[in-house]
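> Build me a model from this:
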Amino acid sequence: MEKTCSLLVHFDKGTPALANEIKEALEGHDDAAKVDAMKKAVMLLLNGETLPQLFITIVRYVLPSEDHTVQKLLLLYLEIIDKTDSKGKILPEMILICQNLRNNLQHPNEYIRGVTLRFLCRLNETEIIEPLIPSILANLEHRHPYIRRNAILAVMAIYKLPQGEQLLVDAPEMIEKVLSTEADQSAKRNAFLMLFTCAQDRAVNYLLTHVDRVSEWGELLQMVVLELIRKVCRANKGEKGKYIKIIISLLSVPSAAVIYECAGTLVSLSSAPTAIKAAANTYCQLLLSQSDNNVKLIVLDRLNELKISHREIMVDMIMDILRALSSPNHDIRRKTLDIVLDLITPRNINEVVLTLKKEVVKTQSGELEKDGEYRQMLIQAIHSCAIKFPEVASTVVHLLMDFLGDSNVASAMDVAVFVREIIETNPKLRVSIITRLLDTFYQIRSARVCSCALWIISEYCLSLSEVESGISTIKQCLGDLPFYMASEEGDANDSSKKSQQVVNSITVSSKRPAILADGTYATQSAASETAFSPPTVVNTTLTSGNLRSLLLTGDFFLGAVVACTLTKLVLRLAEVQPSKSEVNKASTQVLLIIVSMLQLGQSSFLPHPIDNDSNDRIVLCIRLLCNPGEEMKKIWLQSCRESFVQMLADKQLRETEELKAKAQVSHAQPDDLIDFYHLKSRKGMSQLELEDEVQDDLKRATGEFVKEGDDANKLNRILQLTGFSDPVYAEAYVTVNHYDIVLDVTVINRTKETLQNLCLELATMGDLKLVERPQNYTLAPESSKQIKANIKVSSTETGVIFGNIVYETSNVMERTVIVLNDIHIDIMDYISPAVCSDAAFRTMWAEFEWENKVAVNTVIQDEKEFLEHIIKSTNMKCLTAPSALEGDCGFLAANLYAKSVFGEDALVNLSIEKQGDGKLSGYIRIRSKTQGIALSLGDKITLKQKGGA
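Predicted coordinates:
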């Protein structure tokens, strides 16, 4: 068996020191050379060298040294050398060591005494320790606390040895006396730890005797007290009440570490509302007082756990949690908002929204570089609040509309989507939103946001003044027609240069508001002043002209949206404007604009011509305006809005179903007993003890104390490693914890011989690492042995563990090797379904560089059934709405998403088509940031997609 080691030192194998060089250095008189030589000797010994010739040299030349560093290294050397022979008997030369240790324990220098006592904590040989015991006990009363605290640790270590109780019969009594007289906090902590470890009753007795003074003890001692309380309460749940009082008293101490541990201990021991509230208060206090971001993130995790199990209590803490938004770290802000959004109720919604509004206003200062990202988080949070509680929408929608022109496109897009949803769900706000949108439309910089805003204008401008105002605003933002001037005969070259210059300058202007260098654009826009609007609006348009700028960069998708918007507005104008001539006038102006856009798209003025889709859409608008039929009007003015309403209804339905699924656990059945704790016999209990007892009764009644041990499921995870006819039979029970895998291997000797030096050798493939080196065992005939192996996992990837069992028998000198079956670690153990927005999915899809494309090859003939099969096989969540998958058209496209325990994202796009023969064809594309997850998911899908497994 490999010897235990309490010391690890990095050793560069490239430059090994020779034993002779070390010996020469040790025999010299230079202390620095001796230190260097001792370090080399220790490193060689740790890496398997024996160096037997050095021992006598060290005894002769190193033992007498007065240098503290040399003495410290000598103790490290003595710690790692073999002190026993092959039979386990102590080596005779160790008597020399024993005398040296006794001298050290009586040394006038405190440091030498202290490090020697620390060394004795790691010594297991009772023959060496026994003669030193009087000296160790004498040090318990030394004047210096450093020696006393190490003497206590040495007594504890010796008492814990197999024969320790014979060596130190009355150790607990002695330590208890030391504890009652000790003044040094660290020594007190060590003494209490010794009693806690070796004589728990004495520790409990001491604690209950001094219960009133616990809050005055030192931080280290308080931490051990909390550990003792946890241990005692797990063993004896009936005594929780008196210990919970101690924990509550410790919540007021100044140490952050102690109060964090107190809160955790309270939550683990009690479900009483008073206890949970005290723990939550403590966490909120730490959240504000600690400056370390890691501490804040850990505390937020604890608050999140409390939110899941005690939501009613956490609702009252919502404003305290929100104060964590003052941190500049985005991870902390995101976590805080996630917790808060789950705790919103009609009582606190107004306060929460008011705080979020203040935070949004703060981001306008632009002092921090990531203000845009934080603003986007806040906008999404406000959006979520407004959907849950529509009455708050009116208080936030106008503030958020100021950010439609935000330079952060994602943030502006979130505002546009929010406005689009609110204007449909809150009809009372329609007029004010439309008015505000038309006033601020010229500020919008992004094509995507413009498209969304134009759709809102086209659908929700209903009255005559709104429709006219909508057409007028769009005309102003497009500027004067035509969009470009035809070149003069003979000036073609100059014109092309000039047009190129205009394009360049406009491209710049679309990125940030600036007056153009050449001035032409300003005069053209000014010319439209008289026709379309009062001068004030035009002046603002001069600096932006957003639609014109974007069109002149070649964005014809936006051009198609402008054409559709103007077409819808003209069709609606025909319904609300009694004057036919006014309608015809507006229609001809819109036709002129649309034709100008087509001309621009087909000209050589821009580097890229118009795309076919946009061209077809714009031509359709021209046809409709020239020949408006009732059926077409109905489709354009009603069906489009109906589709949007249906989309919102589907979204609402999905969210409701998810909430129902979360709340499926029934808290009380109709015929359950109701426990009136006011009628319980109080027996002199405090309110907290009473609450705690009631909560325990409830847990007992609802079966929460019963461990969910699914034995049948356990059997499924047992893997046979060798055959039944092999001389050694082995099977493994695999437990997959998030960051490590535990293999519990049972090895059975099937032979009539003793197997010596039996060793389980394992190796791994993939991102798996073995934690410990294998040990050798001796296995008696027909006996068995349990061997545990830990394997660390560092990423989501299918890993393979393979290995063999090696052993020797007394008859045959050669080693026998039995090769084991491979153990495959399933990627599904690390993946869980997750949800993200469509925009986030598209962003990640564009960013992730690893793609694995798997061709569909299955016996399943129904598209939806195949999709369900893939979702079940890959443990992913389908992001595509069920309504989008309805119908039977022979095509199906869906997006799936999952997250690994390591925070990696897995994206899957499934695109399938039904062939004429009824078979499915198509591709499943997997994208991820890391190669491992893409390949492993691809392999899993290839294996499972047939439909059998």
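> Can you get me a residue count around the closest residue to residue 34 other than its chain neighbours?
Computed as Cβ to Cβ, 6 or more residues apart in numbering, the closest residue to residue 34 that is not its neighbour in sequence is residue 70, at 5.3 Å. C-betas here are computed from N, CA, C, even on glycine. Neighbour count of residue 70, defined by other Cβ atoms under 10 Å: 20.
> Next: residue 179.
With other Cβ under 10 Å as criterion, residue 179 counts 22.
> tell me the phi and psi of it?
Dihedral angles of residue 179 (phi, psi; degrees, to the nearest 10) stand at phi -60, psi -40.
> Touching, it and residue 192? I think so.
Yes. Judged on Cβ atoms under 8 Å, residue 179 makes contact with residue 192 at a distance of 6.2 Å.
> what's the overlap in contacts for the two?
Applying Cβ atoms under 8 Å, 6 or more residues apart in numbering, one finds that residue 179 and residue 192 are jointly contacted by residue 206.
> can you map out the helices along the stretch 501-650 of the chain?
520-527, 529-532, 535-544, 546-551, 556-576, 580-602, 612-626, 630-634, 640-662 (DSSP state H, counting those that start in this stretch).
> Now those helices in TSV, please, with extra columns for mean neighbour count, mean pLDDT and distance to residue 804.
Shown next, in TSV, are the helices of the stretch 501-650 of the chain (neighbours: other Cβ atoms under 10 Å; pLDDT from 0 to 100; distance: least, Cβ to Cβ, whole Å):
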stretch	mean neighbour count	mean pLDDT	distance to residue 804
helix 520-527	17	30	78
helix 529-532	14	27	85
helix 535-544	17	33	74
helix 546-551	25	84	67
helix 556-576	22	89	63
helix 580-602	17	88	71
helix 612-626	16	89	62
helix 630-634	11	82	76
helix 640-662	12	78	47
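> can these go into a markdown table with extra columns for distance to residue 465?
As requested, these are exported to a markdown table (distance: least, Cβ to Cβ, whole Å):
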| stretch | distance to residue 465 |
| --- | --- |
| helix 520-527 | 24 |
| helix 529-532 | 15 |
| helix 535-544 | 16 |
| helix 546-551 | 21 |
| helix 556-576 | 9 |
| helix 580-602 | 13 |
| helix 612-626 | 22 |
| helix 630-634 | 21 |
| helix 640-662 | 20 |
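> returning to what we had before: now do the same for the residue nearest to residue 34: helix, strand or coil?
Secondary structure, DSSP: H, G, I helix; E, B strand; the rest coil: residue 70 is helix.
> Roughly how far does it sit from residue 558?
80 Å (Cβ to Cβ, to the nearest Å).
> likewise residue 184?
76 Å.
> since we're on residue 879, how many residues are nearby?
Residue 879 - counted by other Cβ under 10 Å - has 18 other residues nearby.
> and it, what does it touch?
Residue 879 makes contacts with 835-836, 838, 841, 894-897, as judged by Cβ under 8 Å, 6+ apart.
> cool, residue 140 as well?
Neighbouring residues of residue 140 by Cβ under 8 Å, 6+ apart: 148, 151-152, 155, 174, 178.
> I'd like to know how far it sits from residue 650.
Counting by Cβ to Cβ, the gap from residue 140 to residue 650 is 75 Å.
> so which strand or helix has the closest residue to residue 28 other than its chain neighbours?
Excluding its sequence neighbours, the residue lying closest to residue 28 (Cβ to Cβ, 6+ apart) is residue 34, at 7.1 Å. In this assignment (DSSP states H and E), residue 34 forms part of helix 31-46.
> And residue 832, by the same measure?
Counting by DSSP H and E, residue 832 is part of strand 831-833.
> That strand: what's the following helix or strand?
From strand 831-833, the next helix or strand downstream (DSSP H and E) is helix 838-847.
> Quick one: closest of the helices of the stretch 501-650 of the chain to residue 258.
Taking Cβ to Cβ, helix 640-662 is the member of the helices of the stretch 501-650 of the chain nearest to residue 258, at 34.9 Å.
> Between helix 556-576 and the closest one, find me the angle.
With axes from the mean of the first three to the mean of the last three Cα atoms, to 10 degrees defining the directions, helix 640-662 sits at 110 degrees from helix 556-576.
> Name the residues that touch helix 640-662?
With Cβ under 8 Å, 6+ apart as the criterion, helix 640-662 contacts 420-421, 424-425, 459, 881-883.
> farthest-separated two in those residues?
Across the contacts of helix 640-662 (Cβ to Cβ), the longest gap, 24.6 Å, separates 459 and 882.
> When the two are compared, which one has more neighbours?
Using other Cβ under 10 Å as the criterion, residue 459 and residue 882 rank with residue 459 on top: 19 against 12.
> show me where the stretch 151-300 of the chain has helices.
Counting by DSSP H, counting those that start in this stretch, the stretch 151-300 of the chain has helices at residues 164-167, 171-181, 185-198, 200-209, 219-235, 240-250, 256-269, 273-289, 293-309.
> Is it possible to get JSON lines of the ones you listed that adds distance to residue 329 and mean pLDDT?
Listed next are the helices of the stretch 151-300 of the chain as JSON lines, based on distance: least, Cβ to Cβ, whole Å; pLDDT from 0 to 100:
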{"stretch": "helix 164-167", "distance to residue 329": "49", "mean pLDDT": "82"}
{"stretch": "helix 171-181", "distance to residue 329": "43", "mean pLDDT": "88"}
{"stretch": "helix 185-198", "distance to residue 329": "34", "mean pLDDT": "89"}
{"stretch": "helix 200-209", "distance to residue 329": "39", "mean pLDDT": "88"}
{"stretch": "helix 219-235", "distance to residue 329": "27", "mean pLDDT": "86"}
{"stretch": "helix 240-250", "distance to residue 329": "29", "mean pLDDT": "81"}
{"stretch": "helix 256-269", "distance to residue 329": "18", "mean pLDDT": "88"}
{"stretch": "helix 273-289", "distance to residue 329": "12", "mean pLDDT": "89"}
{"stretch": "helix 293-309", "distance to residue 329": "5", "mean pLDDT": "90"}
